[in-house]
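J.: Need a 3D model of the sequence below.
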Amino acid sequence: EAFDLDPANRGARQLRETIQAQLLRRLIEPRIEAMLKQAEGFISERRFAEAIETFEAALRLDRDNPGIVEHLNRARQLQSMSRESARLLAEARREFSRNNLEGVLQTLPETLELDPGNPEARQLLDEVRQKLALRYLADRKLAVAEVAYLLGYSEPSPFHRANRASVPMRLSAPVPTQDI
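T.: Below is the predicted model:
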């Protein structure tokens, strides 16, 4: 009211602007919080592009918020790592289709290092390890500990636990190598 009565009153103008800014902040803060929560949900679902869009929309509402910028940069980094992981996974699948299991086993750890949450890479790695275990153990020239080491296990017991259903600790008869 004071500003309406005396538009030249500098103090009244500053007070009015401060009050308007505080009211605006009260209105947008809940919306920003909801957007940040939604974007984090997208990240947990590996929907990085949608997370980035949501963080960018939140940043348009509050351009001076360093937390939003930090979230946005993290989402962009995760998206980049996921894309590189997808490229490496496609390369591993090509090697798998050529039955180059050792080549797949070399590529997949890097894929999982870039994107540890990649379920497709984890599944392919388990499948390759199982096929290679059968192949190596059928040869009977390698001990179980050596096979475990070749497949990337630090010791035989995790190897045995991972392959308990299909790979006994030591085979008594040669394993048929068809489809391996």
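
J.: in the protein, what spans have low per-residue confidence?
T.: Scanning the chain for pLDDT under 70 picks out 1-7, 22, 163-180.

J.: can you tell me which helix in it is longest?
T.: Longest helix in the chain, counting residues (DSSP state H): helix 10-44.

J.: Beyond that helix, next helix or strand please.
T.: On the C-terminal side of helix 10-44, the closest following helix or strand by DSSP states H and E is helix 48-61.

J.: so after that next one, what's the next helix or strand?
T.: helix 66-97.

J.: between that next one and helix 48-61, how big is the angle?
T.: Helix 66-97 runs at 170 degrees relative to helix 48-61, counting by axes from the mean of the first three to the mean of the last three C-alpha atoms, to 10 degrees.

J.: now for the helix or strand that comes right after helix 66-97, which elements pack on it?
T.: The element immediately downstream of helix 66-97 (helix or strand, assigned by DSSP H and E) is helix 101-114. The contact analysis (3 or more C-beta pairs under 8 Å, 6 or more residues apart in numbering; DSSP states H and E) places helix 101-114 against helix 66-97, helix 119-139. For the C-beta atoms, the positions are set from N, CA and C on the backbone; glycine is no exception.

J.: So which of these is the most surrounded?
T.: Per-stretch averages of neighbours, counted by mean count of other C-beta atoms under 10 Å, single out helix 119-139 among the helices and strands packed on helix 101-114, with a mean of 18.

J.: Between helix 66-97 and that helix, find me the angle.
T.: Inter-element angle recorded for helix 119-139 and helix 66-97: 30 degrees (by the same axes, to 10 degrees).

J.: elements contacting helix 119-139?
T.: With contacts taken as 3+ C-beta pairs under 8 Å, 6+ apart, helix 119-139 sits against helix 66-97, helix 101-114, helix 144-150, helix 156-162.

J.: and the angle for the longest one with helix 101-114?
T.: This points to helix 66-97. If you take the same axes, to 10 degrees, helix 66-97 sits at 170 degrees to helix 101-114.

J.: relative to helix 10-44, how tilted is helix 66-97?
T.: Put simply, helix 66-97 runs at 20 degrees to helix 10-44, going by the same axes, to 10 degrees.
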